[in-house]
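# Next input, structure requested:
(2 chains)
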Amino acid sequence: MSTSVVLEKVEKRYGTVDVIHGIDLNIEPGEFVVFVGPSGCGKSTLLRMIAGLEEISGGALLLDRERMNEVASAKRGIAMVFQSYALYPHMSVYKNLAFGLETAGYKKAEIEPRVRRAAQILQIEKLLERKPKQLSGGQRQRVAIGRAIVREPRIFLFDEPLSNLDAELRVQMRVEISRLHRKLGNTMIYVTHDQVEAMTMADKIVVLNAGRIEQVGAPLELYNNPVNRFVAGFIGSPKMNFLDARIEEISANHTDLCVGGNKMRLPWQLKGGTKEDKVAFGIRPEHLVADREAGIALATVNVDLVENLGGATMLYTTTPDGQQLTVALDGQQNVEHGANIKVYFDPARCHVFSADGVAIQAHEEHAAANGGGSVSDRYHAAS
Amino acid sequence: MNTATHASAADIAVERHQSVRARGRLARLWASNAPGYLFLLPWLLGFFGLTLGPALVSLYLSFTDFDLIRAPQWTGAANYVRIATADPKFAAAMQVTLTYVVLSVPFKLTFALLVAIALNRGVKGLTFYRAIFYLPSLLGGSVAIAVLWRQLFAGDGLVNAALSQFGIEGPSWISHPNYSIYTLVALSVWQFGSPMIIFLAGLRQIPTDMYEAASLDGASKFRQFYKITLPLLTPVIFFNAVVQTIDAFKAFTPAFIISGGTGGPINSTLFYTLYLYQEAFGNFRMGYASALAWILVVIIAIFTAFSFLTSRYWVHYDD
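Now for the predicted structure:
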């Protein structure tokens, strides 16, 4: 049932404008892959090219090793859930679900059990006679997913399907889509600009930027070992801090950096860069400690704003040389606005990026122990 | 006795107090709403003085015999009885008008919808074409265009000149009783711009992802049209059908110009409004013409009511 998807040097051009620049990607059968990236990065375009709604300007799309470039979208065995749901407002939920099967020439006796089964999976059996306008946002979303299920496609495509829902419903539907994936086992490709959705749902995340893949990997791999500053900044919430820094010295077993005017020694050798190079020092807010002495002292910072989220305390601070630094502390901390606090970090959890944004710390060795993300999750649950 | 007098005095006092309070409320209401009414005044004058007033007068006149010179003579329902029982021209005019309505409205709407669909397919210079296609609607009702139409479809007109290129000898379309009504239908269809603009607006409201979802389901363009476009366009189709039908019932200028005001040949272009005009301003039977006008009002009202009643079965509203 599950289908592999392979993109080989896939390109998309609108006239003279290139929007997708030769993308190579392997999606294993049954994988849940999330395309994530900022607006205009080409993630929806790529999805629509797989669906057959956009022509492929160059390269090849293979489904189960079969070239699909010239195959009509209806013949690719793909079902898609749209951001707007694209439900037919004049048809009942039943008719919406049955439309694809009717179009494919199925008989009524064959259509009914399939529609009932999809409705049962999504718990919308009682809504079958209603029109879309009589449904809530979440119910419409279920119908849209049901319309994809009834066709029993090889691949499910989701184009930002949760962005029209409120925060609570989004979390609920996120869980349901993940559950559906486990139940059906189909290959699913999901587009979102919300990195929390990507982190929580994906087997594999594809981070896109300006029509190129920045990094492909499992969610925690991307979190722990971002290959460049873009991925480091995009994955993880709250966002990774980047501080201007300079290489003072590199030796076989340590690196000396000057971060925000403060000299420090990292107990490992950088993979690139030379003395006096300007670099960016990256550290996630949840990997900073202020309530106890732990690891290396980063700086004494001034607290501009405190957000108490219950499970975590967010401090928005400024370093002595005027750089912004966000600190996420576990639990409820009693920190006053305007206070000066000293923050520490574990050198195994910091990142260093060259001037052109490439990660140059020896992250494979240092990030392995990173559990990470606990504060991030609480931050999101609270917001 | 004394007590009763006291009671009634108290009642009067209370009533007076209430009436003063009511007057106060009215005065306040008037003070706050007066500017609104002032701004409404031109419209109110127009509506009562030029629409409702004359309409009610014509309703009265329809029960009289009135030739514009002598005072109207009350004749009861005589005009209506005559129209219903002893007026072959009324029957002829009704038949011509119904033929015109039944032919011109569906043809015009179909043509307008087809042009709108063609324009909706991402044509470059859409605004230019939209303006060009709308032009006939601006000009179509005018006397000049009716005159032009007369020239086009005359025996020695442009249409026959074109047909003669193919060895076809066409009749004089406007002076042949079998064809004249169709030239007027063609003129009406040519003025497709107004419903076309409304169809185009309606088409552009249909989200493209509905078509994309349908194409992923394997729906052909034709199936997409009659399963998605047509149902989602029904509110616009309904609006256009009602407006165009009312317009068709009221059509006057083309028939007047093309037939030279006679409704000929052999009453074949005797539109209802043309007959009404002849009775009113040709024969000066204002009472009779008023009765004809009110019958037309009733016919249009019945048609419109019928349209609204049936709309719940075929018009799909999204909200």
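
# can we go C-alpha only for contacts and neighbour counts from here?
Noted.

# what ranges do the strands span in chain B?
In chain B, the segments counted as strands under DSSP state E are B:64-65, B:73-74.

# what does the stretch 1-150 of chain A give?
Secondary structure of the stretch 1-150 of chain A (DSSP state E, counting those that start in this stretch): strands at A:5-14, A:17-27, A:32-36, A:58-63, A:66-67, A:78-81.

# outside of the third one, which residues touch it?
When you say that, I think you mean strand A:32-36. Strand A:32-36 has contacts (Cα atoms under 8 Å, 6 or more residues apart in numbering or on different chains) with A:27, A:43, A:181, A:187-195, A:198, A:201-208.

# Mind doing that once more with 7 Å?
Surrounding strand A:32-36, the residues in contact under the criterion Cα atoms under 7 Å, 6 or more residues apart in numbering or on different chains are A:43, A:187-193, A:195, A:198, A:202-208.

# In helices only, show me those.
Applying DSSP state H to the contacts of strand A:32-36, the entries found in helices are A:43, A:195, A:198.

# As JSON lines, the strands of chain B with mean neighbour count, mean pLDDT and distance to chain A would be great.
Formatted as JSON lines, the entries for the strands of chain B read as follows, by neighbours: other Cα atoms under 10 Å in any protein chain shown; pLDDT from 0 to 100; distance: least, Cα to the nearest Cα, whole Å:
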{"stretch": "strand B:64-65", "mean neighbour count": "22", "mean pLDDT": "93", "distance to chain A": "52"}
{"stretch": "strand B:73-74", "mean neighbour count": "14", "mean pLDDT": "92", "distance to chain A": "54"}
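
# hmm, back to that, is it possible to get a markdown table of the ones in helices among the contacts of strand A:32-36 that adds neighbour count, pLDDT and distance to residue A:95?
Formatted as a markdown table, the ones in helices among the contacts of strand A:32-36 follow (neighbours: other Cα atoms under 10 Å in any protein chain shown; pLDDT from 0 to 100; distance: Cα to Cα, whole Å):
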| residue | neighbour count | pLDDT | distance to residue A:95 |
| --- | --- | --- | --- |
| A:43 | 29 | 94 | 31 |
| A:195 | 21 | 85 | 35 |
| A:198 | 27 | 92 | 32 |
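
# So which of these reach chain B?
When contact is defined as Cα under 7 Å from any Cα of the partner chain, the ones in helices among the contacts of strand A:32-36 do not meet chain B at all.

# Out of these, which is nearest to chain B?
Minimum distance to chain B across the ones in helices among the contacts of strand A:32-36 is 16.8 Å, recorded for residue A:43 (Cα to the nearest Cα).

# That closest one: what's it in contact with?
By Cα under 7 Å, 6+ apart, the contact list for residue A:43 reads A:35-37, A:191, A:208.

# redo that, cut-off 10 Å
Neighbour list for residue A:43: A:20, A:34-37, A:49, A:159, A:190-193, A:206-213 [criterion: Cα atoms under 10 Å, 6 or more residues apart in numbering or on different chains].

# for residue A:63, same thing?
A:3-7, A:27, A:29, A:50, A:69, A:76-77, A:154-155.

# Just the buried residues of those residues.
For these, burial is judged from neighbour counts taken by 16 or more other Cα atoms under 10 Å in any protein chain shown, and it is met by A:3-7, A:27, A:29, A:50, A:69, A:76-77, A:154-155.

# count of neighbours near residue 272?
Picking chain A for this. Applying the criterion other Cα atoms under 10 Å in any protein chain shown, we find 15 residues in the vicinity of residue A:272.

# switch to chain B, that's the one I care about
Other residues within reach of residue B:272 by the criterion other Cα under 10 Å amount to 27.

# Tell me which residue of the stretch 101-250 of chain A lies closest to chain B.
When distances are taken as Cα to the nearest Cα, the stretch 101-250 of chain A approaches chain B most closely through residue A:103, which lies 5.8 Å from it.

# and that residue, what is it in contact with?
Taking Cα under 10 Å, 6+ apart as the criterion, residue A:103 is in contact with B:214-215, B:217-220, B:223.

# any weak-confidence spans in the chain?
Just so you know, I chose chain A. Of all residues in chain A, those with pLDDT under 70 make up the ranges A:1, A:362-383.

# looking at chain B here, not the other one
Low-confidence regions of chain B, defined here as pLDDT under 70, cover residues B:1-10, B:13-14, B:140-141, B:319.

# Contact residues of it facing chain A?
Chain B comes close to chain A at residues B:207-220, B:223, B:227-228, B:231-232, B:315-319, as judged by Cα under 10 Å from any Cα of the partner chain.

# just the buried members of those residues?
Using 16+ other Cα under 10 Å, the buried ones in the residues of chain B next to chain A are B:209-219, B:227-228, B:231-232, B:315-316.

# Distance of residue B:173 relative to chain A?
45 Å (Cα to the nearest Cα, to the nearest Å).

# which residues does that residue contact?
Shown here is residue B:173, whose contacts under the criterion Cα under 10 Å, 6+ apart are B:150, B:152-157, B:159-160, B:179-183.

# Just give me the neighbour total for residue 66.
All of this refers to chain A. For residue A:66, the tally of surrounding residues (other Cα under 10 Å) stands at 12.

# nope, chain B please
When counting by other Cα under 10 Å, one arrives at 22 neighbours for residue B:66.

# who's in contact with it?
With the criterion set at Cα under 10 Å, 6+ apart, residue B:66 makes contact with B:72-75, B:280, B:284-290.

# hmm, 6 Å instead?
Each residue near residue B:66 by Cα atoms under 6 Å, 6 or more residues apart in numbering or on different chains is listed here: B:72, B:286-287.

# Could I get those residues in CSV, plus columns for neighbour count and distance to residue B:80?
Rendered in CSV, the data for those read as follows (neighbours: other Cα atoms under 10 Å in any protein chain shown; distance: Cα to Cα, whole Å):
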residue, neighbour count, distance to residue B:80
B:72, 17, 16
B:286, 24, 13
B:287, 27, 10
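
# which ones among those are found in helices?
In helices, judged by DSSP H, the following of the contacts of residue B:66 are found: B:286-287.

# Going by distance to residue B:170, which of the contacts of residue B:66 wins?
residue B:286 (40.6 Å; Cα to Cα).

# The closest one against residue B:280, yeah?
Yes. With contact defined as Cα atoms under 6 Å, residue B:286 counts as touching residue B:280 (4.9 Å).

# Give the buried residues for the helix or strand where residue A:176 lies.
For residue A:176, the enclosing helix or strand under DSSP states H and E is helix A:167-184. Of the residues in helix A:167-184, those scored as buried under the neighbour-count criterion (16+ other Cα under 10 Å) are A:170-171, A:173-174, A:177, A:180-181.

# Domain map for chain B?
The domain map for chain B lists B:2-61, B:78-314, with the assignment taken from automatic domain parsing.

# between the ones you listed, which gets nearest to residue A:99?
For residue A:99, the closest of the domains of chain B is domain B:78-314, at 7.8 Å, according to Cα to Cα.

# still on that earlier bit, I'd like the domains of chain B laid out as TSV, including distance to residue A:113.
Below are these laid out as TSV (distance: least, Cα to Cα, whole Å):
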stretch	distance to residue A:113
domain B:2-61	61
domain B:78-314	18
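
# sorry, back to before: which of the contacts of residue B:173 are buried?
A residue is treated as buried here by neighbour count (16+ other Cα under 10 Å); on that basis the buried members of the contacts of residue B:173 are B:150, B:152-155, B:157, B:159-160, B:179-183.

# between those, which is closest to chain A?
Distance ranking of these against chain A, using Cα to the nearest Cα, places residue B:182 first at 36.8 Å.

# Now do the closest one against residue A:237, distance only.
Residue B:182 sits 72 Å away from residue A:237 when distances are taken as Cα to Cα, to the nearest Å.

# just so I have it, where are all the strands in the stretch 201-350 of chain A?
With DSSP E, counting those that start in this stretch applied, the stretch 201-350 of chain A shows strands at A:204-209, A:212-217, A:241-250, A:255-259, A:262-266, A:278-283, A:288-289, A:296-308, A:312-318, A:324-330, A:340-345, listed in chain order.
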